[in-house]
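> The following block contains a protein sequence and its predicted model.
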Amino acid sequence: GIPTIDTESAAKRRGLQRLTWHHYPNVYHPTRNPGGTVVIKYLVGRHWSHEFKWSDELKAEAQEHQDIVAFDMKEGKPATAKVAGKGGHWGLEVEVGMSRKALAWYVYASANYPKATYISKGDDDYFLRTVEYEAILRSLHAATTTTSAGDSSVADISTLAADNDDDTGNVGAGGEKNNI
């Protein structure tokens with residue numbers, strides 16, 4: 001899941017992601033790639049700039065893309081002059097709210113996608129190389145073994161670079177198959 005907010009600038013970032021890395025061959029799309037193993041969901045709460053109501057723009061975007069999970073929670077209002085993309089802090093209300101949204105995502109995803117191999121959290125201001133990311137997750141999964149005592153899992157470092165082009169399991173951030 002990718003936490004984001006109901007603002008014009010965040011909508012532009014989501015749009016750029018949909019136009020770029022969402023077109024990798026393993027990214028799920030209901031019509032373009034229904035067999036994709038990485039499914040992206042954007043996570044929003046009710047934003048203060050819209051008086052804690054859903055904007056018409058967000059409603060239209062959600063209808064068009066079918067990739068928005070709307071949590072009935074209020075987004076925090078920044079208490080500082082921080083600017084997106086620059087260093088600094090947003091203030092306690094915003095930062096606690098971001099943590100609450102992430103927790104809400106993990107609770108929602110684990111309840112709604114119980115067969116998912118992985119559940120992850122991303123950002124709306126990054127470019128994710130989903131094919132490489134999935135390969136790394138699969139190699140880590142394949143490298144995890146049970147110790148001879150059977151009481152813990154350890155990674156066998158020698159297998160981490162192995163070719164992992166198999167079709168087992170699914171990876172992602174939400175989905176209709178066994179994906180999150």
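The structure has been received and is ready for your questions.

> going forward, measure contacts and count neighbours with C-alpha atoms only.
Fine.

> Check which residues of the lengthiest strand in the chain are buried.
The longest strand of the chain (DSSP state E) is strand 68-74. By 16 or more other Cα atoms under 10 Å, the buried positions in strand 68-74 come out as 68-70, 74.

> Mind listing residues that contact it?
41-48, 52, 62, 97, 101, 104 (Cα atoms under 8 Å, 6 or more residues apart in numbering).

> quick one: which of those is nearest to residue 125?
Lowest distance from residue 125 to those (Cα to Cα) belongs to residue 42, with 12.1 Å.

> what's the burial count for the closest one?
23 (other Cα atoms under 10 Å).

> cool, and the one 5 residues further on?
Here the count is done by other Cα under 10 Å, and residue 47 has 19 residues near it.

> From the rest of the structure, what touches the helix or strand that contains residue 95?
Assessed by DSSP states H and E, residue 95 sits inside helix 92-112. With contact meaning Cα under 8 Å, 6+ apart, helix 92-112 is reached by 1, 3, 43-45, 71, 74-79, 89, 116, 119, 121, 174, 180.

> can you list the buried residues of strand 68-74 in a markdown table and add pLDDT and distance to residue 23?
Formatted as a markdown table, these follow (pLDDT from 0 to 100; distance: Cα to Cα, whole Å):
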| residue | pLDDT | distance to residue 23 |
| --- | --- | --- |
| 68 | 94 | 17 |
| 69 | 94 | 20 |
| 70 | 93 | 23 |
| 74 | 85 | 32 |
